[in-house]
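Trainee: 3D, please:
(chains A and B)
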Amino acid sequence: MTKPNLRSLNKMDFTKVVPTRNQKISDAPAKSLPPLSSYKANEIAAALHPKNQKLKVAKIIEQSSDVKSFILVADVESGTQSLAYFSAGQYLSITLNIGSSVITRPYSLSSSPKESLIGEYMLTVKRTGGGLASNYILDSWQVGTKVMASAPLGDFTYEPLRDAKQIIGLAGGSGITPFYSLAKAIADGDEDACLTLLYGSCTKADAIFQAEFEALAASCDRFRVINVLSEEPAEGCEQGFLTAELIRKYAPESGDYSIFICGPQAMYNFVDKEIATLGLRKKFIRHELFGEYRHPERDAAYSGCKDDSFHLTVSICGETKEISCNADDTLLVAMEKNGIAAPAHCRSGICGWCHSQLISGEVYVPKSVDGRRMADLQFGYIHPCCTFPLSDIVIDVPPFQA
Amino acid sequence: MDNCFDVIVVGAGNAGLVAAATTAKNGLKTLLLEKHNLPGGCATSFVRGRFEFEPSLHELASVGTEKAPDTVYKIFDQLGAKVDWRYEHNMFRAIVKGEAGYDVTVQSGIETFCDSMEQAVPGCRASVRALFDLVKKNNEALAYITKMKGKPNGLVMVLKHGDFMRVASHSVEEVMNALGMPEKARNIICTYWGYLGVPTDELNAMHFLNMLNCYVTDGAAMPYLRSHELSLALCKVIQDAGGQIWYNNEVTQFLNNEEGAVCGVVANGQKLYAKEVISNVIPHNVFNMYDQSKIPEIDLKLANAREFGISVATVYLGMDCTMEELGINDYTVFVMGDPNPRKQYENRETDGIYIVNCLNKVIPDSSPKGTCTLFFTIPVFGSDLPKNLKPEHYKMYKNQIAKKYIEDYEKLLGISIMPHIEEISIATPVTFARYLGTPDGTIYGYKLSDWDNLLSRISNEKNEYTIPGLSFCGGHAFRGDGYSSAYVTGDTVGKRIVKKIKGGI
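Mentor: Purely as a prediction, here's the structure:
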């Protein structure tokens, strides 16, 4: 071994450190710096995750008396040049100005990822009883209507390293939309999976995309659809509900399968109990967003009174407004009702886009939709989209950004 | 609305948070602007299913304990930011594949570290011990330089601090070679190069030894509730002291006055003014938001002279089994295709170096009972991305990266990971470009390349970034990358601004 000899290093090199640096700087050009878009990583990030997407309605397809599909294209005049690519199962958060309110709603993309490359997204909207946003869209969107949308968002996607290749899709009502996208992505060869779709409707006439699904299934042996009708028998359809028995009937005979579920809350409540009897590991069960939480007063953990109303003080960038908030409205809905634009995307407690600070007051956050980070609980942060007031409340909210 | 402040801090990353906390706590009217809806920059967390992931922190250096506080502990403590620290005493396990390979675990504590090195490479103890003697000498020299207010007497330096001068002006490999350290011992210790992003034949020895010493003496510390806890603890300090934090406020322009000083910014289309602006945003981006004709030549040349630091690809796995069931026993494992750091760096896209962390080893309840998380880190540059990569192929691209490293680790340890993945998230330089907004998604600011090393940055700091009214702090600043360095720059710059405004300089 060599004898240790630090003295072999010239200590006077120390005196050259700064001169070397200054020489390097002096030798460099004083040219202006390239824009961020010139870097590959930033270019792809901007293409996949634009801050927003300015779209316009190019075409409207009447799927049935109460369902329309809207073909959206980039509104080049407003500054959006192309559409962001996405994964089947993702949604757009749409900003709507209804009366004096600015509200957002998540809508799953029903078009295929491939269609976004030719410049088209499709959203499919169904009329529902209390569907403020959906009914507004159905009644007011015309060809040419400008639409403000987010980048594609959400995690209800097929992940090849996580999910089984065999997917059983459970869809109810307008929860069919992400599966239409997934079926096309599989047929296009963009997702390497097989989809068996159990599609629950009341009657055959209520099932959307029937002809489209039949054509897809005929051309792609990795996709099939089984209509499950609760209110009438029909040839080639199952009758009843999305039960464990039905899942077992259509599940692969051997090997793992993943269940993907998207539908109204009543359906989640029903199928979750059914799935629990199948003994599947948690990783094989994927839910789409729960949707807006309603009726906190029905929860055993809820300690408030649903008829109460509270003062809600909202501070945004140092400006304060006082409004009232019903006990059974989330803080987000209260702000929207009172004309305060507040950030929100998933409206289901998960995405965290509405992340805000609870300055004072007592709140109720249903456990099933509490997607907060642990430190948020310790330091008093909330997701207003799934937070209900139990007292007068003061919150600090980031400004809305479309 | 009041739009005038003493201090505006742009960016709530680690350094921006500490800088804003420091100015607010010292009575300056402080506004912290953050483009995201969350604080922290890299220091955050994200939730997938029933898992909350640590996105970036591997081990925080220079923390120490209440009884033996080190730099970071002191910064948080002085600000009154409370953090629940957890510690890991095994520094790392280093596995090198192939015939020249080895599998060595080293522990913290100078004597135990030397013991584990001696066991791995018999006969290396004296040379390893000598490293820590050098750290002591470095600290004495730095204390003298500080005492002399940065203007040490040359003769005293040459006569009393010669070894410091040698260490501070040579690479890690040069110093280790001069100490007669066997190659294998050099390679094992140099495993840590990944945390500074520059291989050890180019990395400044003083810098590296300082980091090594921090990990060896303090061990590694982690916040109990992921890095989000660190960031929210600092936010609390800022707000308790009357400072404001505005989220969703992206700064798009830096304003200058007639004297050529920065006097404010534009955020969300609104003009906001301050006596001093502190940027946690990398100078490259700031200059693109400033009238470039007003940028002093030296600043523009410096920006052009610098190279960007490395970025990473990361894979976050939520596992539906425990670490014991998986067969994982370590918090930090470095896996390398070759023992030599330069080779690891050059082969980074094929078989270079990657790190696997299992946070449950340090914080058992960091994921639900019966589960654990794994965190893979692969150092790569944004410029390593395939030139023809298209957005529509990105998902496939990142899944290929994840698959490659998961399978490699499974094979190496003879364990089974893939069937237990309950949640997965994959990040690449594209992800960091998206969230941090840095050029090519660098997470390490500027590369600590030979001439742009820690010593040269610190020595020349006062002559650089000369626009009045504008200061920089962060991983891109004079202390180099890493959480602890960023905190230090936030602390230094914050205090400097307090002195400047309150002292009327």
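
Trainee: Any idea how many residues pack against residue 35?
Mentor: All of this is about chain A. Other residues lying near A:Pro35 total 11 when counted by other CB atoms under 10 Å in any protein chain shown. All C-beta atoms are positioned from the backbone trio N, CA, C, and that covers glycine.

Trainee: ah, I was thinking of chain B
Mentor: B:Lys35 has 21 nearby residues by other CB under 10 Å.

Trainee: Now do the SS call for it.
Mentor: Per DSSP: H, G, I helix; E, B strand; the rest coil, the secondary structure class of B:Lys35 is coil.

Trainee: Leaving out chain neighbours, which residue sits closest to it?
Mentor: B:Glu250 (3.6 Å; CB to CB, 6 or more residues apart in numbering or on different chains).

Trainee: so where is chain B shaky, pLDDT-wise?
Mentor: Low-confidence segments of chain B (pLDDT under 70): B:1, B:504-505.

Trainee: Please parse it into its domains.
Mentor: B:4-84+B:224-307+B:446-502, B:123-218, B:311-380+B:386-427 (automatic domain parsing).

Trainee: Tell me the first helix or strand C-terminal of the biggest helix by length in chain B.
Mentor: Taking DSSP state H as the criterion, chain B has its longest helix at helix B:125-147. Moving toward the C-terminus from helix B:125-147, the next helix or strand (DSSP states H and E) is helix B:154-160.

Trainee: check whether that following helix contacts chain A.
Mentor: Yes. Interface with chain A: helix B:154-160 contributes B:Met157, B:Val158 (CB under 8 Å from any CB of the partner chain).

Trainee: I'd like the next helix or strand past that helix.
Mentor: Next along the chain after helix B:154-160, taking DSSP H and E as the criterion, comes helix B:162-168.

Trainee: Which of the domains of chain B has the highest mean neighbour count?
Mentor: Sort the domains of chain B by mean neighbour count, taking mean count of other CB atoms under 10 Å in any protein chain shown, and domain B:4-84+B:224-307+B:446-502 sits at the top with a mean of 22.

Trainee: chain center to it: distance?
Mentor: 13 Å (CA atoms, centre = their mean, to the nearest Å).

Trainee: Any part of whichever strand or helix holds B:Tyr487 near chain A?
Mentor: Taking DSSP H and E as the criterion, B:Tyr487 maps to helix B:483-502. No. Figure legend: helix B:483-502 not in contact with chain A (CB under 8 Å from any CB); closest approach 15.8 Å.

Trainee: for the helix or strand encompassing A:Phe260, packing partners?
Mentor: Assigning secondary structure by DSSP H and E places A:Phe260 in strand A:258-262. Strand A:258-262 is packed against strand A:166-172, helix A:177-187, helix A:265-276, strand A:285-287, with contacts defined by 3 or more CB pairs under 8 Å, 6 or more residues apart in numbering or on different chains; DSSP states H and E.

Trainee: Export the ones you listed as JSON lines, with columns for distance to A:Asp328 and mean pLDDT.
Mentor: Formatted as JSON lines, the helices and strands packed on strand A:258-262 follow (distance: least, CB to CB, whole Å; pLDDT from 0 to 100):
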{"stretch": "strand A:166-172", "distance to A:Asp328": "24", "mean pLDDT": "97"}
{"stretch": "helix A:177-187", "distance to A:Asp328": "28", "mean pLDDT": "98"}
{"stretch": "helix A:265-276", "distance to A:Asp328": "15", "mean pLDDT": "94"}
{"stretch": "strand A:285-287", "distance to A:Asp328": "24", "mean pLDDT": "96"}
